[in-house]
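K.L.:
kindly return the folded structure for what I paste below:
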Amino acid sequence: MNEYDSAKIADLLAATQGMELTEDSQDADLILFNTCSVREKAQEKVFHELGRARLVKEARPGVLIGVGGCVASQEGAAIIRRAPYVDLVFGPQTLHRLPELIAKRRSTGRPQVDISFPEIEKFDHLPAARVEGASAFVSIMEGCSKYCTFCVVPYTRGEEISRPHAQVLAEIRDLAAAGVREVTLLGQNVNAYRGALPDGESADLALLLAHAAAVPGIERLRFTTSHPREMTPRLVEAFASLPKLASQLHLPVQSGSDRILAAMKRGYTALEYKSLVRKLRAARPDLSLTTDFIVGFPGETDADFEKTLALATELRFDGSFNFLYSQRPGTPAAELEHPVPQATKQARFERLQELLEQCHAAYSQAMVDSVQKVLVTGHAKKDGAELSGRCDNNRIVNFAGQARLIGQIVEVRITAALPHSLRGEVVIRD
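P.N.:
Numbers count the residues shown, from 1 in each chain. All right, here's what the predicted structure looks like:
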């Protein structure tokens, strides 16, 4: 979501201010930080980076510094009190007001703060995306209404608001016309999407996916991030009925312990989650399922953690983002007793990480000798003479090929599985 918002900010400033991105902050007229507050480490990094930006501003006083995103939404004017050289503070829902905030800062000489929640107004005020490459993100909704006890997102991005169905489809059509072949639909709780239809009814994510798959030029669809409570039978069926929907799903489980899941206010049990996974794998047998785990939630015992390991062992996820629990101010979990000692959290984290890395490696190894459809995204990072792309399960594949293949989906035979990528060769058809 932050990558999408950052790209929109760049498009907006190019269209309204004539600004272009620079790789060197020493050359910048405007330095912006688009921030995340999901974990404490990310939040503290913001202020560390602001200190470096301050040195640029001291050398060139005309430089403006802005903080956007979820840290801005959570901290508001407190950012300016802590870092008085900051000129602009804007939330995820007010990034479209940046030109106005910049103008006010320059005319008044005073810092500007706007962290309000004007619902989905921003999508009506952003310019058309500048397409670079064959894949693109499309944000279809904002916010979250689940209020998991550990999570700050509902307080920084607001409650769930969906973009109208026609507006999303129009953006997808424009992207397809510009050469995009793969679209990833984004939302904090993307499968809770309920987009307004012209007749006053609403479209769910399954209907949106079906209509997006029918857009000429679109060859692959993904969506992230999903909540298990919103994985409806219609959405499960989409994996069986829509070949263009990638065989990949990120479905955070967070814990294998019912007691911890209840304390997290996740709204499902481990058994219900496993039942859902069985249905998904029946609909799409080759589904690559990835997840999130939080290790060391307050009150988590050794027995609770063993249940998490058991669930991970049984379901054999293809990948996972694992997090040490990070207390976020203002969330219900921040008030819970019985914190887990840091050393215990770290030891559990390492055990879980090792198990899941083994699962990922086994899936990669099983792909060797298979033929995969790979969307060629560009030249390989380590060897510019080679090409790189992503297959259906989102793994990176590097292979020899002509530059004319960039932007196309080609068949590639996997020849080797490496820790973080695959090697392959283009299949030549007679």
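K.L.:
give me the number of residues near residue 417?
P.N.:
Per other C-beta atoms under 10 Å, the neighbour tally for residue 417 reads 18. (Glycine included, C-beta is placed from N, CA and C.)
K.L.:
again, but for residue 403
P.N.:
Neighbour count of residue 403, defined by other C-beta under 10 Å: 11.
K.L.:
what does the one 5 residues further on give?
P.N.:
By the criterion of other C-beta under 10 Å, residue 408 has 14 neighbours.
K.L.:
which residue packs closest to it, ignoring adjacent ones?
P.N.:
Distances taken as C-beta to C-beta, 6 or more residues apart in numbering place residue 376 nearest to residue 408, at 5.7 Å, with adjacent residues excluded.
K.L.:
partners of the helix or strand encompassing that neighbour, with directions?
P.N.:
Per DSSP states H and E: residue 376 is located in strand 371-379. Looking at strand 371-379 with DSSP bridges, its partner strands are strand 387-390 (antiparallel), strand 409-417 (antiparallel).
K.L.:
list of residues touching the longest one?
P.N.:
Identification of contacts with strand 409-417 by C-beta atoms under 8 Å, 6 or more residues apart in numbering yields 181, 219-220, 361, 364-365, 367-376, 389, 391, 397, 399, 401, 422-427, 429.
K.L.:
if we use 10 Å, what do you get?
P.N.:
The contact list for strand 409-417, computed with C-beta atoms under 10 Å, 6 or more residues apart in numbering, reads 134, 181-182, 219-220, 360-376, 387, 389, 391-392, 395, 397-399, 401, 405, 422-429.
K.L.:
which ones among the residues you listed map onto strands?
P.N.:
Secondary structure of those is defined by DSSP state E; positions in strands are 182, 220, 371-376, 387, 389, 397-399, 422-426.
K.L.:
mind checking which of the residues you listed are buried?
P.N.:
Neighbour-count burial (16 or more other C-beta atoms under 10 Å) is assigned, among the ones in strands among the contacts of strand 409-417, to 182, 220, 372, 374-376, 387, 389, 397-399, 422-424, 426.
K.L.:
buried ones in stretch 192-205?
P.N.:
Across stretch 192-205, burial judged by 16+ other C-beta under 10 Å covers 192, 193, 194, 195, 203, 204, 205.
K.L.:
output these as a markdown table; include the columns secondary structure.
P.N.:
Formatted as a markdown table, the buried residues of stretch 192-205 follow (DSSP: H, G, I helix; E, B strand; the rest coil):
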| residue | secondary structure |
| --- | --- |
| 192 | helix |
| 193 | coil |
| 194 | strand |
| 195 | strand |
| 203 | strand |
| 204 | strand |
| 205 | helix |
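K.L.:
in the stretch 201-350 of the chain, what residue spans correspond to helices?
P.N.:
205-213, 233-241, 258-264, 270-283, 302-315, 342-366 (DSSP state H, counting those that start in this stretch).
K.L.:
please read the previous query as pertaining to the stretch 51-200 of the chain.
P.N.:
According to DSSP H, counting those that start in this stretch, the helices that the stretch 51-200 of the chain contains are 69-75, 78-82, 98-108, 153-157, 165-177.
K.L.:
now for the longest one, which elements pack on it?
P.N.:
Here helix 165-177 is seen to pack against strand 135-139, strand 182-186, strand 194-196, strand 202-204, helix 205-213 when contacts are counted using 3 or more C-beta pairs under 10 Å, 6 or more residues apart in numbering; DSSP states H and E.
K.L.:
which stretch in these has the least confidence?
P.N.:
Per-stretch mean pLDDT for the helices and strands packed on helix 165-177 is lowest at strand 135-139 (a mean of 92).
K.L.:
which other helices and strands contact it?
P.N.:
For strand 135-139, the packing partners by 3+ C-beta pairs under 10 Å, 6+ apart are helix 2-17, helix 165-177, strand 182-186, strand 220-224.
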